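Peer 1: Sequence first, then the predicted structure:
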Amino acid sequence: MKTKPLTLIIFICTVISLNAQFINDNNYLSINTVPILGKTLELGYDANIKQNFSLDIYIGYVFNSKLSSPYKIGTQYELINKSGYFLKTGTKFILKNNLKIFKPFFGLNLVNAIVIEKGIYDKDSDYYTPNEIVNQNSYNLGINGIIGFTSPATKRINIDIGIQTGKILINNLLDFHSYMPGMGVNFPDGVRLQGILRIKYRMK
């Protein structure tokens, strides 16, 4: 798929641009390991504008995730492909200035995602009625709040541990139970959850 290398090129160019403007001793490249459970690769760049404030950008691709909501009821879709790519931008605030201790953080992310869904739609739930084949690429927009702890920033390797939770603002998914790239799995009331275990490498 041509979108994969294109997304990577855009990410690299953005990192170079951000690094040129905001470079300091605490900018990081990162990977979030939790989404790997959903066959998702999520790479990130944290540009620390101040000691306790950063601008963050993350990109990723979902390689046909099999994860679905544990509350999957009321859907007539059986999807054999739930893939897609995303661009997530946001801010993070660290609540303590001491670089040598674990510090709580909170933040906000805006998630842009192209979702690829393929499968069948059982319109009538009737054994004798042929199922409709569905194949859709759709744009979706969501917003996440994040909260967690970050490890001491005095080392080359840094870790963020936390959780993100949010809702879809523009929802064009065929199946609302689908794993949303960049946002995770659907829970009751349309809330989506995803864990954060981000391993970060300090660039300077």
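Peer 2: Everything's here; your move.
Peer 1: middle-most residue in this structure, spatially?
Peer 2: In the chain, the residue lying closest to the centroid (Cα atoms, centre = their mean) is Gly182, at 2.1 Å.
Peer 1: Beyond the helix or strand harbouring Lys82, next helix or strand please.
Peer 2: Using DSSP states H and E, Lys82 falls within strand 77-94. Following strand 77-94 in sequence order, the next helix or strand is strand 103-121 (DSSP H and E).
Peer 1: pLDDT (mean, whole number) over that following strand?
Peer 2: Strand 103-121 comes out with an average pLDDT of 90.
Peer 1: going forward, begin numbering at 42 instead of 1
Peer 2: All set: I'll call the first residue 42, so the last point we hit is now strand 144-162.
Peer 1: which parts of it are buried?
Peer 2: Using 16 or more other Cβ atoms under 10 Å as the test for burial, strand 144-162 gives 144, 146, 148-160. Where C-beta positions appear, they are placed from N, C-alpha and C, glycine not excepted.
Peer 1: Just name the shakiest helix or strand of this structure by mean pLDDT.
Peer 2: Lowest by mean pLDDT, DSSP states H and E among the helices and strands of the chain is helix 44-63, with a mean of 52.
Peer 1: How far does the host helix or strand of Gly186 sit from its chain's centre?
Peer 2: Applying DSSP H and E as the criterion places Gly186 in strand 173-191. Counting by Cα atoms, centre = their mean, to the nearest Å, strand 173-191 is centred 7 Å from the centre of its parent chain.
Peer 1: Output the below-cut-off pLDDT ranges for the protein.
Peer 2: 42-66, 110-116, 118, 139-140, 165-171, 194 (pLDDT under 70).
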